[in-house]
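Engineer: Sequence and predicted structure, then a few things I'm wondering about:
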Amino acid sequence: MIRVLLVDDQPLIRSGFRALLDAEDDIEVVAEAANGAEGLDQARAHLPDIALIDVQMPGMDGIEATRQIAADPALAGTHVVILTNYGLDEYVFHALKAGAAGFLVKDVQPEDFLHAVRVAARGDALLAPSITRRLIDRYVSQPPQRNQSLAHLTNREREAVTLVARGLSNDEIAAGMVISPLTAKTHVNRAMMKLHARDRAQLVVFAYESGLVVPQTSERG
């Protein structure tokens, strides 16, 4: 059962998402909150698998709530998905660096929304196509920031991180590297440990910031 926390200052938005989630046999909404501070309290009380958090709320916003969830060892198993009306770059970068697993725009189709919750619960990075495009476009105009952590990655780990940044799943990475899915997962997990990345979304940020991935050759979907 996937346990979900809903954090949004608009009751109508929360009720709509809750109706969708509660209709699924494998998903349970365990709590709701109207701002980041309440959301943080509810996360600590219920230890959800997924926290769906609105990026802009009065008081503590979604970015700060994400940062505090990511910094709390007791919430290591909670994956944050940011909900946004816009694909604003500043929010994308701040929230990803704070530890969000990804983003969804609020006008997402119901079936895509439910799929996204399940993807995030597996620990996979979740970036809506429109947000991914903004992410890549932003890094085109920024010079790479060489990171010494790259030196700690093996060639296979670098290759795996590159493929993660292009949006590939472990199965797709395995096919591309001609290895088993388990070995692909091992390469990704070791890279995350060495780079101190909370999840695959932070690997994406690292890949572009470090210059490991050249934006023009990335998938732009």
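Structural biologist: Sure, I can see it. Numbers count the residues shown, from 1 in each chain.
Engineer: helix or strand right after the helix or strand of the chain at the bottom of the mean pLDDT ranking?
Structural biologist: Within the chain, no helix or strand scores below helix 129-140, which has a mean of 57 by mean pLDDT, DSSP states H and E. Scanning forward in sequence from helix 129-140 by DSSP states H and E, the next helix or strand is helix 155-165.
Engineer: Report the angle between whichever helix or strand comes after that following helix and helix 155-165.
Structural biologist: The C-terminal neighbour of helix 155-165 among helices and strands, as given by DSSP H and E, is helix 170-177. If you take axes from the mean of the first three to the mean of the last three Cα atoms, to 10 degrees, helix 170-177 sits at 130 degrees to helix 155-165.
Engineer: Show me what the helix or strand following helix 170-177 is in contact with.
Structural biologist: Scanning forward in sequence from helix 170-177 by DSSP H and E, the next helix or strand is helix 181-195. With Cβ atoms under 8 Å, 6 or more residues apart in numbering as the test, helix 181-195 has contacts from 149, 152-154, 156-161, 164, 170-171, 173-174, 177, 179, 197-200, 202-203, 206. In this view, the C-beta of every residue, glycine as well, is placed from N, C-alpha and C.
Engineer: CA-only coordinates of whatever helix or strand comes next after helix 181-195, as CSV, when you get a sec.
Structural biologist: Downstream of helix 181-195, the next assigned helix or strand under DSSP H and E is helix 200-210. Extracted in CSV, the C-alpha atoms of helix 200-210 (Å, rounded to 0.1, in the frame of the first residue of the first chain):
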residue,chain,number,x,y,z
ARG,A,200,17.4,9.9,-9.0
ALA,A,201,16.2,13.5,-9.5
GLN,A,202,19.2,14.8,-7.8
LEU,A,203,21.4,12.7,-10.1
VAL,A,204,19.8,14.6,-12.9
VAL,A,205,20.7,17.9,-11.4
PHE,A,206,24.3,16.7,-10.7
ALA,A,207,24.7,15.4,-14.3
TYR,A,208,23.8,18.8,-15.8
GLU,A,209,25.6,20.9,-13.2
SER,A,210,28.9,18.9,-13.6
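Engineer: what angle do helix 200-210 and helix 170-177 make?
Structural biologist: Going by the same axes, to 10 degrees, helix 200-210 makes 40 degrees with helix 170-177.
Engineer: what does stretch 70-80 contact?
Structural biologist: Against stretch 70-80 from outside (Cβ under 8 Å, 6+ apart): 5, 43-44, 47-51, 53, 65-66, 69, 95, 98-101, 120-121, 123, 198-199.
Engineer: in that stretch, what counts as buried?
Structural biologist: 70, 75, 78-80 (16 or more other Cβ atoms under 10 Å).
Engineer: V29 is in what secondary structure piece?
Structural biologist: Secondary structure (DSSP H and E) places V29 in strand 27-33.
Engineer: hmm, what's the outermost residue in the protein?
Structural biologist: Here the chain reaches farthest from its C-alpha mean at V178, the gap being 26.3 Å by Cα atoms, centre = their mean.
Engineer: quick check: domain ranges of this structure?
Structural biologist: Per the TED database, the structural domains of the chain span 2-126, 137-210.
Engineer: looking only at pLDDT, what's the mean for the longest one?
Structural biologist: Right, domain 2-126. Taken as a whole, domain 2-126 has a mean pLDDT of 90.
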